[in-house]
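J.: Below are the sequence and a predicted model; questions follow.
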Amino acid sequence: MLEPISINVASLNLPALLPMAILTLGALGIICVDLAVKKLNRSFYTMISVLFILLDLGAVIGYNGPTRGFFDVLLIDGIAIIAQVIILVASAFFLPLSLSNRHFKEFEMAEFYALFLFMIVGFQFMVVSDNLILIFIGLETASLSLYTLIALHNRAKAFEAAIKYFTMGALAAGFYTLSALIFYALTGSVEISQIEWALVDRNFEPLVGVLAGTVFMIAALGFKLSLVPSHTWTPDVYEGSSAPLAGYMSVVPKIAGFIVAMRLFEMLILSGVVWLENVLYASVVITMTLANITALVQEDVKRMLAFSSISHAGFIMGAILIGTTQANVALFLYWVLFMFTNLGAFTMLWIVRHQKNLWDERYQHPFTKFSGMVKIMPITATIMGVFMFALAGMPPFSVFWGKLYLISAAVNAQFIYLAVIMAVNSAIAVYYYMKLVVYMFLKEPVSNDAAIYETNASTPLKIIVGFAAVVTISAVVLVEPLLNIITKYVTASGF
């Protein structure tokens, strides 16, 4: 007779699930409220969603239990905590953008907010685990929610963007599944730490299997992180999405992908898969350079920012390639500073959005739209100029300090050529960011009617942009405390 299986509830460490449980309950609660009371105001859904996100943030920051939980599939180390904080802060920053002057269909629907919370839960599961199955569940939960959020914008381009993203995402999911299957077949485990020990013990036999598993994983994560050559979907999807959601996609899904890439690729390199370092090196250089060169010839500001985000992703992959503690600290510092600036830039596009394409038949934000903006909207032009200077990596603005620390990490780790390539790419990026500044400050306006630029502006949007601008400008005083906090958590994780 089989003996019953006994499970020690205390060993499950259920408090480790609390952050994700809070948002799951919040999403289900929003759906139930919508079933009971129809046509509630969007501000109600926005505030309730932000409240649950803040509760989640409190649970993440306040967690002080074991690093393992729930049958050891959860890994709540310092890396996971920092990543969750970035995800939740960016999410709380994004949601109030729904309170624009113009009413958009998706922001009136309770489903939008429920899907948004489910998406965050998916991203959280991606970063709090080294179990390939749980990472995949989190990845697909987040991805399916995001595809739907894009389509809810209810425009032809939004449907096209959602279909493209879904198709490419399905291919990436297939690659990820194949990679996980191969590593399980080789090592008998789906936990990254166990895979590392098995690979070292068996001396990479068979070598073909390790090669196949690694190549499929690079292809899968390359799509999620917009690395060349898996980047082609990015400008089209960003163009079809609403400006706030495009800004959100350039920050949050990528930090989740970076954490998975950090855990996997650094494990494989430490295990002795030396050729992976060469593949990542080539990917980093090509991604940075090709994205910057392509951004030079863009006619639309949103597409330019899309290629810009691809280039920044290349920089961050450089940190994962370097793999030192300083490089991993640089990764988080860079992304925190980039988060506020990039979301601020996309929010500016949301503010000056117009229902019709008044300036170009195809593009909603062509460079000509911003011609002479300083003469009709000086504050708007100045703030947008600050964001462009910051994204270009010019001192003393935010992204400059992230790039400086990352290049310093590359030099200290003897990646001299990589540091030089990063510096050259930063110089190339100055041209296309300054192109917008030239249009705003040195050209004659195409229209003197400031009202057509302000149809979407509202007090919440202005407050968010103002906050992003303050962080961007005052980054010089924030770098030192941020470095201390990030270093503490990264060092505690053993990375």
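T.: Structure's in. What do you need?
J.: tally of neighbours for Arg68?
T.: When counting by other Cβ atoms under 10 Å, one arrives at 16 neighbours for Arg68. C-beta: built from backbone N, CA, C; applies to glycine.
J.: Might you report the residue contacts of it?
T.: Asn13, Leu74, Leu75, Ile76 (Cβ atoms under 8 Å, 6 or more residues apart in numbering).
J.: There's contact between the last one and Phe70 in this structure, I believe.
T.: To tie it back to what came earlier, the one meant is Ile76. No. Between Ile76 and Phe70 there is no contact under Cβ atoms under 8 Å: 10.1 Å.
J.: which neighbours do these two share?
T.: Counting by Cβ under 8 Å, 6+ apart, the residues touching both Ile76 and Phe70 are Ala16.
J.: The longest helix seen in the chain: how far from the chain's middle?
T.: Looking across the chain with DSSP state H, the single longest helix is helix 156-187. Distance, stretch centre to chain centre, for helix 156-187: 17 Å (Cα atoms, centre = their mean, to the nearest Å).
J.: again, but for stretch 263-279
T.: Stretch 263-279 sits 23 Å away from the centroid of its parent chain (Cα atoms, centre = their mean).
J.: can you give me the end-to-end distance of that stretch?
T.: The first and last residues of stretch 263-279 sit 17 Å apart, counting by Cα to Cα, to the nearest Å.
J.: Ile76 and Phe70: which has the busier surroundings?
T.: Ile76 (25 against 16).
J.: pLDDT at that one, what is it?
T.: Note on Ile76: pLDDT of 88.
J.: which residues touch it?
T.: Ala16, Tyr63, Gly65, Pro66, Thr67, Arg68, Gly69, Val128.
J.: before we move on, back to that, most neighbours among the contacts of Arg68, please name it.
T.: Highest count within the contacts of Arg68 by other Cβ under 10 Å belongs to Ile76, 25 neighbours.
J.: Phi and psi next, for that residue.
T.: Dihedral pair for Ile76: phi -100, psi 70, per degrees, to the nearest 10.
J.: Return the distance of it relative to Ala90.
T.: Computed as Cβ to Cβ, to the nearest Å, the Ile76 to Ala90 distance reads 20 Å.
J.: Val336 against Ile485, yeah?
T.: No. Using Cβ under 8 Å as the test, Val336 is too far from Ile485 to be in contact (9.7 Å).
J.: neighbour count winner among these two?
T.: Val336 (25 against 17).
J.: Can you work out which other helices and strands pack against the helix or strand hosting that one?
T.: Using DSSP states H and E, Val336 maps to helix 325-351. Here helix 325-351 touches helix 78-94, helix 243-249, helix 252-270, helix 301-322, helix 378-391, helix 398-412, helix 459-473, helix 475-493, going by 3 or more Cβ pairs under 8 Å, 6 or more residues apart in numbering; DSSP states H and E.
J.: Tabulate the ones you listed in a markdown table, adding columns for distance to His231.
T.: Below are these laid out as a markdown table (distance: least, Cβ to Cβ, whole Å):
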| stretch | distance to His231 |
| --- | --- |
| helix 78-94 | 21 |
| helix 243-249 | 13 |
| helix 252-270 | 12 |
| helix 301-322 | 5 |
| helix 378-391 | 18 |
| helix 398-412 | 20 |
| helix 459-473 | 25 |
| helix 475-493 | 27 |
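J.: who touches the next helix or strand after the longest helix of the chain?
T.: Going down the chain from helix 156-187, the next helix or strand is helix 192-202, by DSSP H and E. Contact with helix 192-202 is made by 130-132, 183, 186-189, 210, 263-264, 267-268, 270-273, as judged by Cβ under 8 Å, 6+ apart.
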